[in-house]
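>>> Okay, here's the prediction I keep looking at, along with the sequence it came from:
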Amino acid sequence: MGIANFVFRRGAIYTWRRRIPKRAESDAANLQVSLRTACPWTARRLAVIVTAESERVFDRMGMEGLTPQVAHEWLETVIREELERSARRDRAAFHLPQTGNPVESAHQDHLAGEALRLIARKGIELELDEDERRELTARGYSEADLDRINEYQVILGRDAATEPVENRIRRRVAGIAGKERISGHEFFDAKRIWLNGRAAALLSSKAGLDRGFDDAMAMAGRLRDGKPLPVAEDAAPPTPTSESAPAFDPALQAVADRLASRKEKRGRVTDKTAYQIRKTAELLHEATGIEDIRKLRQEHLMAFSNIMHALPPTYRKTPKERDMTLPQIIEAAETAGRKQGLSAATINRNLGFVGQLIKHARSEGLSLDPLLDTRDLRETDPEDDQDKVAPFSRDDLRRIFAGPVWQGCQSAGRRTRPGDLVIRDALYWLPLIAAYTGARREEIAGLAREDIVTEDGIAAFHFRPTEIRRLKNRPSQRKVPIHPHLLELGFLEHVAQAETGQVFPDLKRRKGRGTLSDAISFNWHKLLRSQLGEDAAKKNFHSFRHYVTDELRYRQDVPDLSRHHLLGHAISSEEDRRYGQRTPLPLLKPLIEALPRVF
């Protein structure tokens, strides 16, 4: 990672250079500025300022949208053509029944119209979110209809994003406007009108509900009824009016609280993730000075990204830094020569949370800048995901489980020193269960007695959300057979003797945001280093999950679907995700039993 985005060194002097985005409609390819300094610290500070200002410059370079007259004429053209297309198809269906049922065609028009309306509102997305499904269901659409709207969103969204379609929109609107070409913002207006106009034509027998869509619906109705259209006039300067207070508090922190609370209530996030959402909003506010999400602009998102690139990875971990401002922390890190820049994963995670905040605020009816977009700010992680955590090998497991925790230690206070005492507590059981299931550490740590079940005569773990811990996501809810070695070691007897509802009552959260399994971290890492030595590099508790994945994938050649069901992975195939049942326990049992014994 360089010292800052868009900065390179030419000789001894640092220079800032950035490609001019298409929206700016410039004949030049790049914008370049000499920072006139050979000091990397000064160059970094200047780069933050120049980058933020460049966002304002680029926005101003292509800011003007379509005039009212051009927008009106283009909308009328789009609606007329879509109505004519629909009428031709209806006539064909009436006279030639083999071409389709007119009633069904009209219904499909409505579904396609809804898909176009949603694409115009939010861009291309593969699936309806919960709010949209609820909205459409309230308007009388069935589950089958919602699935079809999803399909239309994919098909029509991809078609709308193709180069021939976008070039056709540009040419036709340029012709209406009497220009050789239109600007980026004029194109954004034209494409949104094209989507809304087509949606209005297809939905003109239904009520249109979206802002920016009502005008299109009204015009479609007048055209369908053969009524004359009003002449467009230049918009007069808006008369200041007293806006009613929004239904939801637009403060960044308030939006974050509502988003996190909603996800928590639905079991969609862990306590840790909910905390991270709130802290990201707090960091965004501190980095930009923006408190009201309605005032957030693209240059603020860029400034937020630059701040994350300048902060040391361990910022505010010391008492001294907790009372310092972000610029003070950055300056202190520069002066001390400390490493700067959060990891690519952390930056992308925070930008993802900001994207969720923006989407949630819009779903609440808050009016936000339509240009807000975090996608281009995301970092490309130089390290492949599969290389970040190395899997354990079979030999690694033999060496780990030859350790004192399982073969005998000195005492409860000296678990990593050889002796004659075997203590069957969380430190003993968690690594064993991970080696025989591939489950995540916290999934195992939060097991309750009622999560140990027997079905079809098979003892199994039932991983599901509990009062003391949540799961990562919905696919994480699953049942996994218990390996015979665990049964032989007395796991069921351990569960029966548990003094509380927890399978591992010795695990306690040490702090509010901590996890149950944090209690074994010190001894586990100490044991890992002592048993594997240098081979412990890039390996941690999650390496058990990688190990089981490799065993199932390469050594047993387990079908993808069954492997996903065992490990609680999200399933990418639409067919596998929606249809059929989970792999039954009797079919999963031999897959677990085939995992080799670790001692």
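Perfect, thanks for sending it.

>>> how far away is residue 584 from residue 569?
18 Å (Cβ to Cβ, to the nearest Å). Where you see a C-beta, it was placed from the backbone N, CA and C, and this is true even at glycine.

>>> Looking at these two, which is more packed in?
Using other Cβ atoms under 10 Å, the more surrounded residue of residue 584 and residue 569 is residue 569, with 17 against 14.

>>> hang on, that one packs against residue 560?
No: Residue 569 is not in contact with residue 560 according to Cβ atoms under 8 Å; the separation is 9.0 Å.

>>> pLDDT wise, what is residue 249 at?
Note on residue 249: pLDDT of 92.

>>> What about the residue lying closest to residue 356 once chain neighbours are set aside, how many residues nearby?
Counting by Cβ to Cβ, 6 or more residues apart in numbering, residue 356 lies nearest to residue 259, which is 6.2 Å off, once chain neighbours are set aside. Neighbour count of residue 259, defined by other Cβ under 10 Å: 23.

>>> Mind telling me which residue is nearest the centre of the chain?
The centroid of the chain falls nearest to residue 352 when counting by Cα atoms, centre = their mean (5.4 Å).

>>> what residues are up against it?
residue 374 (Cβ atoms under 8 Å, 6 or more residues apart in numbering).

>>> Could you check the pLDDT of it?
Residue 352 is given a pLDDT of 93.

>>> For it, identify the helix or strand it belongs to.
In the assignment (DSSP states H and E), residue 352 maps to helix 344-363.

>>> How many neighbouring residues does residue 528 have?
23.

>>> and it, what is it in contact with?
400, 536, 539-540.

>>> Nearest to residue 19 among those?
Of all these, residue 540 has the smallest distance to residue 19: 39.1 Å, by Cβ to Cβ.

>>> which regions of the stretch 51-200 of the chain lie under the pLDDT threshold?
The stretch 51-200 of the chain contains residues with pLDDT under 70 at 52-65, 83, 86-105, 124-126.

>>> still on that earlier bit, now, which of the contacts of residue 528 lie within helices?
In this view, these that belong to helices under DSSP state H are residue 400.

>>> among the contacts of residue 528, who's most crowded?
residue 400 (25 neighbours).

>>> Which residue is the nearest non-sequential neighbour of that one?
residue 531 (5.0 Å).

>>> Can you get me a residue count around the one you found?
So residue 531, with other Cβ under 10 Å, has 20 neighbours.

>>> ranges for the strands of the stretch 351-500 of the chain?
For the stretch 351-500 of the chain, the strands defined by DSSP state E, counting those that start in this stretch occupy 409-411, 414-418, 452-455, 458-463, 478-481.

>>> out of those strands, which comes closest to residue 280?
Of the strands of the stretch 351-500 of the chain, nearest to residue 280 by Cβ to Cβ is strand 458-463, at 27.7 Å.

>>> send the alpha carbons of that closest one over as CSV?
Extracted in CSV, the C-alpha atoms of strand 458-463 (Å, rounded to 0.1, in the frame of the first residue of the first chain):
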residue,chain,number,x,y,z
ILE,A,458,-27.9,-40.4,15.7
ALA,A,459,-26.4,-38.1,18.4
ALA,A,460,-25.8,-34.6,16.9
PHE,A,461,-24.9,-31.0,17.5
HIS,A,462,-27.7,-28.6,16.7
PHE,A,463,-26.0,-25.3,16.0
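
>>> how far out from the middle of the chain is it?
30 Å (Cα atoms, centre = their mean, to the nearest Å).

>>> Equivalent analysis for stretch 316-331, please.
Offset of stretch 316-331 from its chain centre (Cα atoms, centre = their mean): 29 Å.

>>> quick check: mean pLDDT across that stretch?
88.

>>> Quick one: end-to-end length of it, please.
Stretch 316-331 has its terminal residues 14 Å apart, counting by Cα to Cα, to the nearest Å.

>>> per-domain residue ranges of the chain.
7-61, 68-225, 252-382, 387-593 (automatic domain parsing).

>>> so how far is the longest one off the chain centroid?
Okay, so that is domain 387-593. Its chain's average C-alpha position is 26 Å from that of domain 387-593, according to Cα atoms, centre = their mean.

>>> ok, back up a step: for the residue nearest to residue 400, give me its contacts.
Contacts of residue 531 by Cβ under 8 Å, 6+ apart are 399-400, 402-403.

>>> Now do the SS call for the closest residue to residue 254 other than its chain neighbours.
Excluding its sequence neighbours, the residue lying closest to residue 254 (Cβ to Cβ, 6+ apart) is residue 248, at 7.5 Å. Under DSSP: H, G, I helix; E, B strand; the rest coil, residue 248 falls in the coil class.

>>> go on, the one 5 residues further on?
Local secondary structure at residue 253 is given as helix here, using three-state DSSP.

>>> and it, how many neighbours does it have?
When neighbours are counted by other Cβ under 10 Å, residue 253 registers 15.

>>> quick revisit: give the full set of residues in contact with the residue nearest to residue 356.
Counting by Cβ under 8 Å, 6+ apart, the residues that residue 259 touches are 277, 356-357, 360.

>>> Now the residue nearest to residue 400: which helix or strand?
helix 521-532.

>>> what about dumping the CA coordinates of that helix to PDB?
Taking Å, rounded to 0.1, in the frame of the first residue of the first chain, the C-alpha atoms of helix 521-532 are listed here in PDB:
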ATOM      1  CA  SER A 521      -7.500 -17.900  24.000                       C
ATOM      2  CA  PHE A 522      -4.300 -17.500  26.100                       C
ATOM      3  CA  ASN A 523      -3.800 -21.200  26.800                       C
ATOM      4  CA  TRP A 524      -4.800 -22.200  23.300                       C
ATOM      5  CA  HIS A 525      -2.300 -19.900  21.600                       C
ATOM      6  CA  LYS A 526       0.400 -20.900  24.000                       C
ATOM      7  CA  LEU A 527      -0.300 -24.600  23.300                       C
ATOM      8  CA  LEU A 528      -0.400 -24.100  19.600                       C
ATOM      9  CA  ARG A 529       3.000 -22.400  19.600                       C
ATOM     10  CA  SER A 530       4.600 -25.000  21.900                       C
ATOM     11  CA  GLN A 531       3.300 -28.000  19.800                       C
ATOM     12  CA  LEU A 532       3.800 -26.600  16.300                       C
END
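
>>> buried set for stretch 258-269?
By 16 or more other Cβ atoms under 10 Å, the buried positions in stretch 258-269 come out as 258-260, 263-264, 268-269.

>>> from the chain's centre, how far out does that stretch sit?
That offset, for stretch 258-269, works out to 14 Å (Cα atoms, centre = their mean).

>>> measure residue 391 to residue 534 for me?
Distance, residue 391 to residue 534, using Cβ to Cβ: 17 Å.
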